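Peer 1: Here you go, sequence then predicted model.
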Amino acid sequence: MSVSALSFFRLQGGIFGFLQLASLLCLLLLLFKAAQFYLRRQWLLKAIQQFPSPPSHWFFGHKQIQMDQELQLLLKWVEKFPSACPRWVWGSRIFFMVYDPDYMKMILGRSDPKAKTTYRFLSPWIGYGLLLLNGETWFQHRRMLTPAFHYDILKPYLGLMADSVRVMLNKWEKLTNQDSFEISQDISLMTLDSIMKCAFTYQDSVQLDRNSQSYIKAISDLSYLIPSRVRNAFHQNDIIYRLTSAGRWTNHACQIAHKHTDQVIRQRKAQLRDEGELEKIKKKRHLDFLDILLFAKMENGSSLSDEDLRAEVDTFMFEGHDTTASGICWIFYALATHPEHQKKCREEVQSLLGDGASITWDHLDQMPYTTMCIKEALRIYPPVPVIGRKLSKPITFPDGRSLPKGILVSLSIYGLHHNPKVWPNPEEFDPFRFAPGSTRHSHSFLPFSGGSRNCIGKQFAMNEMKVAVALTLLRFELLPDSTKVPFPVQRIVLKSKNGFHLHLRKLH
C-alpha cells in the first residue's frame with residue numbers, strides 16, 4: 001500500500017474517531033440536560049404541591065394559552081383557584097401567579113429581588129436602572145432620585161402638562177368630523193412630550209417630531225417582543241436569540257430607543273455648559289430628574305457612569321410616558337362607555353375650571369368624582385398588569401401554605417383587581433368603590449405596585465391623568481366605536497390588541 005493511501009486511511013480513521021467522540025459528547029450533554037430537566041421539574045412539583053392548577057403538558061406546560069388570551073384565561077383561574085395558582089411556562093419553569101391582597105402584602109413587604117430570568121430581557125433596552133436594580137445599589141439610586149418627585153418640583157410641571165395636552169386636543173379639533181379615530185398614538189406622543197419637558201428639560205416640540213414617532217413605535221415593538229421571548233423556551237439563550245428574526249428586530253428597536261435618549265442627554269449636557277443655565281440651576285431649591293443624574297455623586301464620591309446615566313434615562317423615559325399613556329387611553333374608553341359618569345365628571349370640572357384657561361395644583365384635590373372615575377378605570381385596566389419577584393427565602397402565607405426559596409412569583413395586578421373575592425362584580429365600572437370614606441384592604445388596589453419598590457413617579461402620573469381628563473372633557477364628549485371595542489392584552493404595559501377607537505364630539 002502506498003504512503004498516500006495509508007495517510008488517507010489514517011485521516012479517515014481520525015475523522016471517524018472525532019465524530020464518534022463528538023457524538024458521545026452530544027449524547028452525554030443530552031443526558032445531562034434531561035437529568036437536569038427531570039430533577040428541576042420534580043423539585044417544582046414538590047414546591048407547589050399545596051397549590052392546585054389546571055392540567056398541563058409535562059414538557060410544554062400551559063402552552064395551549066395564546067399570548068393574546070392570557071388575561072381572559074387568568075380571570076377563570078382567579079375564580080377557580082383561591083389566592084394563587086402555578087402557571088407552567090414549560091416543563092421545568094413555572095410562574096407562581098398571585099392575586100390575593102394578603103399574599104401581595106406579604107411579598108411586597110419583603111425585599112425579594114426582581115427575577116433575573118425574566119427581567120434580564122429588558123436590560124439590552126433600559127439597562128440596569130431603578131426598575132432592574134436590586135439590593136444596596138437600588139436603594140442608593142432610589143434615595144438619590146426621590147427628591148425629583150418632591151411636590152415643590154411637581155407643582156410647576158402642571159403648566160407643562162397642560163400645554164402638552166392642549167397640543168393634542170388642538171390636533172383632535174381637526175378630526176372631529178371623522179367617524180372615529182385611533183387615539184393611542186396621539187396620547188403616547190403627548191405623554192412623551194410631557195415627560196421630556198418636565199423631567200428632562202427638553203425644549204423642542206415632541207408631538208410634531210417624526211423621530212419621536214419612531215421612538216413610540218420602537219417602544220411598542222419592544223413591549224410585544226420581550227414578553228414573547230419570555231414565553232419561548234428556544235429564545236432564552238442570548239446568542240441563539242440574536243440570530244433569530246425576533247432578535248434582530250429587538251436589537252433594531254433598542255437602537256432607536258437609545259438614539260432618542262442619547263439625544264436628550266446630549267442636549268441637556270450642552271445646555272449645562274452655558275453659565276446662564278448653571279446659574280438658574282443654582283437658584284433652584286430642587287433639581288429636575290435629569291439634572292439630579294448629571295450632578296449625582298454616589299456614596300463613594302464617584303459620578304454616575306455614562307452607562308448608569310443612560311439606564312436611568314431609558315427607564316424613566318419609558319415608564320414615565322408609556323404606562324401613563326396606557327392609563328389615559330383606558331380611562332377615556334371607560335368614560336366613553338359610561339356616559340352618565342362622564343357627564344358628572346364634566347360638570348365637576350366645568351364648575352371648577354370654567355373654560356379651562358388655567359389648571360393649578362390646588363385644583364387637583366378639588367375633583368373628587370373625577371378622581372374616583374380615574375381610580376376605577378385603573379382598577380379595571382391597570383397599566384402594569386403584572387410584576388415579578390424571585391423568593392430569596394421561604395415564605396408561609398396567612399392560610400398556612402408555603403413556598404421555598406427560589407420560586408419565581410408573578411404578582412398579577414390584573415388578577416387582583418378582577419378578583420371577585422376582593423371586588424364584588426369586578427367587571428362592573430363603579431366609581432363609588434373609591435368614594436371618600438370607603439374602606440378596603442391596603443393591598444387590594446395596586447396600580448402603582450406597593451411596598452418599598454412602588455412606582456417612584458406615581459404622583460406625577462396621577463397628576464398628568466387628572467390634567468388630561470379634565471382638559472379633554474371640557475372640549476369633547478367621548479363616544480365609543482361599537483365596531484372596534486378595545487381588547488386588553490398583557491404586554492409589559494396593558495395594551496389593546498386592536499387599538500383605541502373613539503368618536504369625539506366637539507362641545508360648544
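Peer 2: Happy to help now that I have it. Residues are numbered from 1 along each chain as shown.
Peer 1: Give me the mean pLDDT for whichever strand or helix holds residue 33.
Peer 2: For residue 33, the host element (DSSP states H and E) is helix 3-47. The average of the pLDDT scores along helix 3-47 is 80.
Peer 1: for the following helix or strand past that helix, packing partners?
Peer 2: Sequence order places helix 70-80 as the next helix or strand after helix 3-47, per DSSP H and E. With contacts defined as 3 or more CB pairs under 8 Å, 6 or more residues apart in numbering; DSSP states H and E, helix 70-80 has these neighbours: helix 413-417, strand 488-490. The way it works is simple: take the backbone N, C-alpha and C, and place the C-beta from them, glycine included.
Peer 1: contacting residues around helix 70-80?
Peer 2: Outside helix 70-80, the residues that touch it by CB atoms under 8 Å, 6 or more residues apart in numbering are 53-54, 65, 85, 97, 99, 385, 412, 414-415, 418-420, 488-490.
Peer 1: before we move on, what about stretch 112-126?
Peer 2: Under the criterion CB under 8 Å, 6+ apart, residues 93, 131-132, 134-135, 222, 226, 229-230, 250-251, 253-254, 257, 311, 314-315, 318, 388-392, 408-409, 492 lie in contact with stretch 112-126.
Peer 1: what's the closest of the helices and strands packed on helix 70-80 to residue 457?
Peer 2: Of all those, helix 413-417 sits nearest to residue 457, with 16.4 Å by CB to CB.
Peer 1: what about that closest one, distance to the chain center?
Peer 2: 14 Å (CA atoms, centre = their mean, to the nearest Å).
Peer 1: what sits up against that helix?
Peer 2: 71, 74-75, 77-78, 97-101, 104, 379-380, 382, 384-387, 422-423, 426, 443-447, 449, 490, 494.
Peer 1: Whichever of the contacts of stretch 112-126 end up buried, select them in ChimeraX.
Peer 2: Selection of buried members from those for ChimeraX, criterion 16 or more other CB atoms under 10 Å:
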select :93,131,132,134,222,226,229,230,250,253,254,257,311,314,315,318,388,389,390,391,408,409,492
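Peer 1: Inside helices: which ones of the contacts of stretch 112-126?
Peer 2: The helices, defined by DSSP state H, take in 135, 222, 226, 229-230, 250-251, 253-254, 257, 311, 314-315, 318 from the contacts of stretch 112-126.
Peer 1: Quick one: those residues as TSV, columns for distance to residue 482 and pLDDT too.
Peer 2: Formatted as TSV, these follow (distance: CB to CB, whole Å; pLDDT from 0 to 100):
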residue	distance to residue 482	pLDDT
135	50	91
222	32	95
226	33	95
229	35	93
230	34	89
250	36	97
251	40	97
253	34	97
254	38	97
257	36	95
311	44	95
314	39	95
315	38	95
318	33	94
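Peer 1: May I see those residues arranged in TSV, with distance to residue 127 as well?
Peer 2: Converted to TSV, the ones in helices among the contacts of stretch 112-126 look like this (distance: CB to CB, whole Å):
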residue	distance to residue 127
135	16
222	13
226	14
229	17
230	18
250	15
251	15
253	15
254	10
257	11
311	3
314	6
315	7
318	11
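Peer 1: What ranges does this structure have for its strands?
Peer 2: Along the chain, the segments classed as strands by DSSP state E run 84-90, 93-98, 181-182, 386-390, 395-396, 402-403, 408-412, 476-480, 488-490, 494-496, 501-506.
Peer 1: Figure out how far the second one is from the centre of its chain.
Peer 2: With CA atoms, centre = their mean as the basis, strand 93-98 stands 18 Å off its chain's centre.
Peer 1: what lines up beside it in the sheet?
Peer 2: When pairing is defined by DSSP bridges, strand 93-98 lines up against strand 84-90 (antiparallel), strand 408-412 (parallel).
Peer 1: do you know which of those lies nearest residue 203?
Peer 2: With distances scored as CB to CB, the stretch of these nearest to residue 203 is strand 408-412 (39.0 Å).
Peer 1: Against residue 442, how distant is residue 78?
Peer 2: Here residue 78 is placed at a distance of 20 Å from residue 442 (CB to CB, to the nearest Å).
Peer 1: Tell me which of these two has more neighbours.
Peer 2: Legend: neighbour count by other CB atoms under 10 Å for residue 78 and residue 442, higher for residue 78 (26 against 11).
Peer 1: excluding its backbone neighbours, what's nearest that one?
Peer 2: Nearest non-adjacent residue to residue 78, counting by CB to CB, 6 or more residues apart in numbering: residue 415, 4.8 Å away.
Peer 1: same check, this time on residue 371
Peer 2: residue 466 is the one closest to residue 371 (CB to CB, 6+ apart), at 6.9 Å.
Peer 1: was I right about the one you found contacting residue 375?
Peer 2: No - with contact defined as CB atoms under 8 Å, residue 466 does not count as touching residue 375 (10.8 Å).
Peer 1: out of these two, which sits in the busier spot?
Peer 2: Set residue 466 next to residue 375 and count neighbours by other CB under 10 Å: residue 466 wins out with 22 against 17.
Peer 1: give the contact list for that one.
Peer 2: Under the criterion of CB under 8 Å, 6+ apart, the neighbours of residue 466 are 364, 367, 370-371, 374.
Peer 1: For residue 158, see how far away it is.
Peer 2: 9 Å.
Peer 1: Please enumerate the shared neighbours of the two.
Peer 2: Common neighbours of residue 466 and residue 158 (criterion: CB under 8 Å, 6+ apart): residue 364.
Peer 1: Find the residue closest to residue 134 in space, skipping its chain neighbours.
Peer 2: With CB to CB, 6+ apart as the criterion, residue 134 has its nearest non-adjacent residue at 3.9 Å, and that residue is residue 113.
Peer 1: For residue 378, list the residues it contacts.
Peer 2: Contacts of residue 378 by CB under 8 Å, 6+ apart are 327, 330-331, 447.
Peer 1: now do residue 95
Peer 2: When contacts are taken as CB under 8 Å, 6+ apart, residue 95 is in contact with 86-87, 89, 388, 408-410.
Peer 1: mind redoing it with 7 Å?
Peer 2: Applying CB atoms under 7 Å, 6 or more residues apart in numbering, we find residue 95 in contact with 87, 89, 408, 410.
Peer 1: Residue 101 now?
Peer 2: Under the criterion of CB under 7 Å, 6+ apart, the neighbours of residue 101 are 416, 422, 441, 443-444.
Peer 1: just the ones in helices among the contacts of stretch 112-126 now: which is nearest residue 336?
Peer 2: residue 318 (26.8 Å).
Peer 1: Now do the closest one against residue 505, distance only.
Peer 2: Distance of residue 318 to residue 505, given as CB to CB: 33 Å.
Peer 1: got it, and residue 291?
Peer 2: With the distance defined as CB to CB, residue 291 ends up 42 Å from residue 505.
Peer 1: Which one's more surrounded, those two?
Peer 2: For residue 291 and residue 505, the more surrounded residue by other CB under 10 Å is residue 291, and the numbers stand at 20 against 11.
Peer 1: Give me the neighbour count for the closest residue to residue 251 other than its chain neighbours.
Peer 2: Counting by CB to CB, 6+ apart, residue 242 is the residue found nearest to residue 251 once chain neighbours are left out, at 6.9 Å. By the criterion of other CB under 10 Å, residue 242 has 13 neighbours.
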